[in-house]
Structures are given as structure tokens and as C-alpha cells.
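Trainee: I would like to see how this sequence folds:
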Amino acid sequence: MPKLKKAPGEWGSLQIYQLMNKEEIKTQALKLLEKMDIKDKIGQMSGDYPLYKSFSLWAGYRTTPISGGENPRLGIPGIRFTDGPRGVFVGNSTCFPVSMGRAASWDLELEERVGDAIGTEARALGANFFGGVCINLLRHPAWGRAQETYGEDPYLLGEMGAALIRGVQRHIMACVKHFALNTIEDVRHTVDVIVDERTLHEIYLPHFKRCVDEGVAAVMSAYNKVNGNYCGHNKHLLRDILKEKWGFEGFVMSDFVNGIFDAKPAILAGLDIEMPNLSHYHKKLKRLVKNGEVLESLIDEAVLRLLQQKLRFAQIREAGQYNPSIVANQEHRMLAREAAVKSIVLLKNQLVGGAPILPMSMDKLKNLTVIGKLADIPNIGDHGSSSVHPPYVITPLNGIQSLLREKCKVVYDDGTKFPRAAKVAQDADAVVMVVGYSHKDEGEKIGFGIGGDRTSLRLHPHDEKLIQVVVNANPRCIVVLMGGGPIITETWRDQAPAILMVWYPGMEGGHALADVLFGQVNPSGKLPCGFPKSEKQLPFFDRKAASIEYGYYHGYRLLDKQGEEPAFPFGFGLSYTSYEYKNLQIEPYQVYQDGIIHARVDVTNTGQVPGEEIVQLYVGYPTSSLDRPVKELKGFKRIRLAPGHNQSNDISVPVQNLAYYDVNSGSWKVEPGQYKIFIGSSSSFTDLLTSTFKVI
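Mentor: Numbers count the residues shown, from 1 in each chain. Prediction:
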């Protein structure tokens, strides 16, 4: 573990404010503002690091939070930033599965507990700000940072992001990022994303609005341009929409280094703090105010926003609650294991010898072969700003060996030589193959050929060939996929009898995989992003684009419009049991525009083992006068059922959630007419019951 630098302590002058309501906080913030001269104010709006110290800043990124806006004279703490989202960047903290994996759990209560653990550890390590709530929409699976977000659907993104915020903000400030349309990594600093207003509001912003409504403390602007303006300079995004239309009360932070390029357009647009260096704001804002180019009232507004959030989160340190000993403690490690288990998606489980190949029986298995380089290396995600450095990582091989112990012989082969892999596979009762990606293939682009957008959505050619060789040698083969997003499986999917997607599963991932392989836990994960059959089913993507247009359709919405089926649909995931859906009822049949629709469906566990299922509700617009999706997710519920048990499940949808964005009026409108409800186990029409209701 690196030696942690001493972080600034709690400022005593702010501790007295912990029980203030919103109005009292504003009053105290105004009092502090009155004590500030222009230099103090601009100090609140900048990072604390001179440009010449940039190298030492990044060198210490893992050992101490990054500070900005600290003012000892007035007793004002700085922003003490640490990154995420799979845990706390600083120290040797708990590493949870990546966000895409946690999204596969569709478990909001679990995500809130993960946020609580992250917030606790961050504060114990000296941070008061967590910059790890990434909710950019996965428009295309090639995006290198897909692993950091929650999938392709705005509703799921918003609910998962809000849950993480609730947990984190019990302890420290949380920040959502990157606002907005940041979904290409290689040219993230330069690409201009062209988008029409309706697409912007209906597809790319609803999840940010959901997190604003949850009370998030901060929003981070993106590097890219939107409709010709850099996001950090984009008045339409930051001031018109975020602050005025949505009523956001927190503050806007720049992305780190080159998040803005000029102080004047940034402050006019509504960017409140430039991080992490003493750069454009520090050098130019005072002169801009003096020359009358920027009103000091804009400076006051920004500082007031920052002060109010600092006061809001200035808490008394409770004895023992934030002791560093809680970092990666037993409770948090077990939470990481639970999250990893629930993130695993069973994509295929074919009959072999008259029975499903999974789960395997520890009592009957005598010789198991594990194949693949990724089975025996820590593989927990990219090495960029989301990186976490846990005290240990349980690899797939570690987890399998730990569970089986002396019950079964486990043979390992790295799979680099095809003949050798075939030989060890042929001699085994069953084979577990671990293939996929690592930080070298995808993630935040950090140079030296590491990270960035994916160049292919297929496995490496060696891995595809290895699967074919091993399955030919032994048909009792389970393929385990690791990666941050969808993988095209067409060249080998029909040959493999069982497929599991484990994403980047965190420090306890190997134990979680073993639990699922041997039936200690029934898999319950559902895909937060569909797996296409080919790139032709996806929107246009150019990882070197100077400019690119983002359209209204992507993911399952696009496939529905085109009448195509993916390899594995959004919301899909198998189980070791089976579920029956019946008796769909909609109440009321006719509802006013300010009303609520209640959909009720019975779900029965028709199998032999307990299981957890995600009931999904979609809404369609068959009589709409506009071009709208065939269906879109509007609700879900995670349930647990014992064998043979039935449960009636109610999912409510406010009619206002079915509105479209009217460009002419700049407002949301609900169309009268007929609507269609879909409820079932995935987004595939074959898995859905349907009914209708009418809005009057």
C-alpha cells in the first residue's frame, strides 16, 4: 500500500453548520461571501496546483485527494477530489465490479450500499468529493470507457446513478459526469457531436436530470464539443438547461486539464470551478472583471454555489466511523463479492448429455481444466482515472481452486498453444475457458497503446480460435467472457454450450464466478446493453471523427425500428430456474395526463431452485403522431422467488414519464391516445406480455 499523504482535516469553523437547513446554509454562505475579496473568490473557483506542479500532482493521484478552493484564512475547506466509479482511487480501497457489471444486477438497493461503502472509504482516506458517478449513455459498444457507465438505456442509467449518489452522499459530495454526449474516447478532447434538440433531451440528458433531481452536489462538464461549442464553454448545456431549466443547485466542475480553454466563455456558460490547476480562471478572471467583460455577480454566483455545497457536506467526524481501518474491510469485501455475483449474466446454458452443463456438480466432477491467460491474472478494468488498487484480487483460477479445494483436480493452461490446450481439455470432465479484454484493449486512453476505443467488437482472433479448438476437444466447455461491454460472438457462439459474461468483476470476482459455476448462487444478471450479431446493427461510429452526428436511435430502440434481433437482447439473462409471467393487468385503462399507470403481473418460479428475477416494463406509442420508439424501458423490479412460489408485482409509471420533448415550445408534452405496455423478462418481444391503456 502506498504511503498516504496527510489530507487536510475537517475545518472546525464549518462543523457547526451540519444541521442547517437549505435556507440557513445559504445565509451562512452569503456571510462567508461578504468576507471575500476578488482574489478569495477566484481562489474558490480554481484547483490548488500551479501548472508547473502538474507532474507531481499526477504522481500523487493515488496517494492523496486532489484539492481545489482551499482557504485557511476564512476556514473554508477545499474540494478534496477522488475518482471512481468502481471504488476509491486513493489508497488500497475496495474494488467493486465496474459500473457496467453492477448495472447488470438491476439492483438499486445494492448500488446504494456500494455507494455508501465508497463514500465511507473516500472520507476515511481524506476525500470529501467523489468524481465517479459516470452516466454517459452507451451509444456504441466500441466506446473505450463503456465499463464506467451503466449501459445503453437512459432510464436504467438514471436510476442506477441516483442510487449510487444516495449512498455516496451520506458521507461526501458526489459528482456526475461527463456532461454531455461524451461517448468516444480517442478524440474526446476534440470531437464535435452534432445532435438535434429533441434527441438531446429525450435520449442523452434524462439520466443527468434524474441525478440532478436526486440532489447531486456537482456536475462535471465533458471535454468534447456539442453543436460546435466545447462543453465547458457551452452556455446552452450548463446555464440554459442544467441551471435554469432544471434548477440545478450544485456546482459545475471542469474535467481535469484542458476542460476549458478560455476563462471568459467558461464563466459566461456557467462553469463554476476549473480543476485541478491554477490555470485560466486563476490567471484571467480578475482582469476580466476589472475590464467589465465579466460581471462580478457571475463570480459571486459560482462561489455561492461552491460554498453552499461545502457547508451542506461539512459533517462532524463521528468516532471511528471514518477510521482508515474500514477501507477494504471484511464487510466491504463481502459487498464486492455480492455485487460481482449479481453482475454475472448467464447468456447460454445448453444441454450436454441430457442436462444443462451449468451448474456443475462438485460431487461428480473429478478433473476440471481452466484455460486462458485471463483466468490467472488480476483483470479488474482499465488503468485510467477509474483505476482502483485493492489489497488483493481473486482471479477466476483462484476462486475455482478455493471453492473446490481437495474435491476436484484443477489443471490450468494459459491457452497460448492450441495443441497443448486441446490435450488438457480432452482429459478433463469439464473445461472453463476465460477469454476477453483487459486494460490494454479498452478504457481511458492513457498513451503507450493502452486503453482507448475498441478497434473490434469481436474477441481477439487467438481467443476465437482457442474456443473452437477446445470445444472440439471437449464439448463440456463453459466460456467465460471478461470485458467492459458487448462482445460479438457469431463465429463461435453456436459451438459453445455455455457462456457467462462477468465483465470486470472486481477484487472478489473469482469467488463470485466459482459460486455461479458450481451452483452456490443462482445467476440473476440481465444485460444493461444488448449484444449485437454484427456491427451493421449499430449506429455509425468513428473513433477518429472530427465531427459526428448522434441520432435518435441506438441499442434496442434501433433494432426494434429495423425489425432485427440481436444475439442477446437488452435485459436478457438466463437462470438455473425458470419463470412464468401471466395475468397482466393495467389500471386504470383510461388515465389523465397527470395520472399514474399501475401495471400488475404474476410471476411464478417454475423451476427447482430459488432465484431472483428482474421484471421489466416497457411502454410503446402505437398512435403517436411523432416518430417514437417501438418501446422503451419505463420501470423494473427485482424480485426473489422460492421454487413453486408466485408473486404479484406492481410497477407504477407516472404518465408524465411518457412525454416527448416539444422543440417548438421547449417543454415536455404528453400525447392523448393509445399506449402499449410490455412486461417480461427481457426486451425481446418473445419474452413480453402486452396490454394497452389510453391517455385522455
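Trainee: name the SS class of Asn650, please.
Mentor: Quick fix: residue 650 is Asp, not Asn. Counting by DSSP: H, G, I helix; E, B strand; the rest coil, the backbone at Asp650 sits in strand.
Trainee: so for it, what's the nearest residue that isn't a sequence neighbour?
Mentor: Arg600 (5.0 Å; CB to CB, 6 or more residues apart in numbering). C-beta coordinates here come from the backbone N, C-alpha and C atoms, glycine included.
Trainee: if I look at the one you found, how far off is Gly635?
Mentor: From Arg600 across to Gly635, the span is 12 Å (CB to CB, to the nearest Å).
Trainee: what do the two both touch?
Mentor: Here Arg600 and Gly635 share the contacting residues Ile651, scored by CB atoms under 8 Å, 6 or more residues apart in numbering.
Trainee: neighbour-wise, which of these two wins?
Mentor: Each of Arg600 and Gly635 has its neighbours counted (other CB atoms under 10 Å); Gly635 has more, 21 against 15.
Trainee: what's the domain layout of this protein?
Mentor: Following automatic domain parsing, the chain resolves into domains at 22-325, 335-562, 579-695.
Trainee: any chance of those domains in a markdown table with distance to Phe570 and mean pLDDT as columns?
Mentor: Output for these, formatted as a markdown table (distance: least, CB to CB, whole Å; pLDDT from 0 to 100):
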| stretch | distance to Phe570 | mean pLDDT |
| --- | --- | --- |
| domain 22-325 | 7 | 95 |
| domain 335-562 | 4 | 97 |
| domain 579-695 | 4 | 98 |
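Trainee: can you lay out those domains as JSON lines showing distance to Gly571?
Mentor: Output for those, formatted as JSON lines (distance: least, CB to CB, whole Å):
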{"stretch": "domain 22-325", "distance to Gly571": "8"}
{"stretch": "domain 335-562", "distance to Gly571": "5"}
{"stretch": "domain 579-695", "distance to Gly571": "4"}
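Trainee: still on that earlier bit, what does the helix or strand containing the residue nearest to Asp650 contact?
Mentor: Using DSSP states H and E, Arg600 sits within strand 596-605. Strand 596-605 has contacts (CB under 8 Å, 6+ apart) with 577-588, 591, 611, 613, 615, 617, 635, 639, 641-655, 677, 679, 689, 691, 693.
Trainee: now do stretch 325-343
Mentor: 88, 91-97, 101-102, 104-105, 107, 110, 113-114, 117, 120-121, 124-125, 390-391, 502-503, 505-509, 511-513, 515-516, 521, 523-525, 612.
Trainee: thinking again about what came up before, C-terminal to the strand holding Arg600, what's the next element?
Mentor: Defined by DSSP H and E, the subsequent element after strand 596-605 is strand 611-620.
Trainee: hey, C-alpha coordinates of that next one in CSV?
Mentor: What follows is strand 611-620, C-alpha atoms only, in CSV (Å, rounded to 0.1, in the frame of the first residue of the first chain):
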residue,chain,number,x,y,z
GLY,A,611,-33.9,-17.4,-7.9
GLU,A,612,-34.0,-13.7,-8.4
GLU,A,613,-35.7,-12.2,-11.5
ILE,A,614,-35.9,-8.7,-12.9
VAL,A,615,-39.4,-7.8,-14.0
GLN,A,616,-39.1,-5.2,-16.8
LEU,A,617,-41.8,-2.8,-18.0
TYR,A,618,-41.6,-1.1,-21.4
VAL,A,619,-44.0,1.4,-23.0
GLY,A,620,-44.8,1.8,-26.7
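Trainee: the helices in the stretch 501-650 of the chain, which residues?
Mentor: 509-517, 555-562 (DSSP state H, counting those that start in this stretch).
Trainee: lovely, talk soon.
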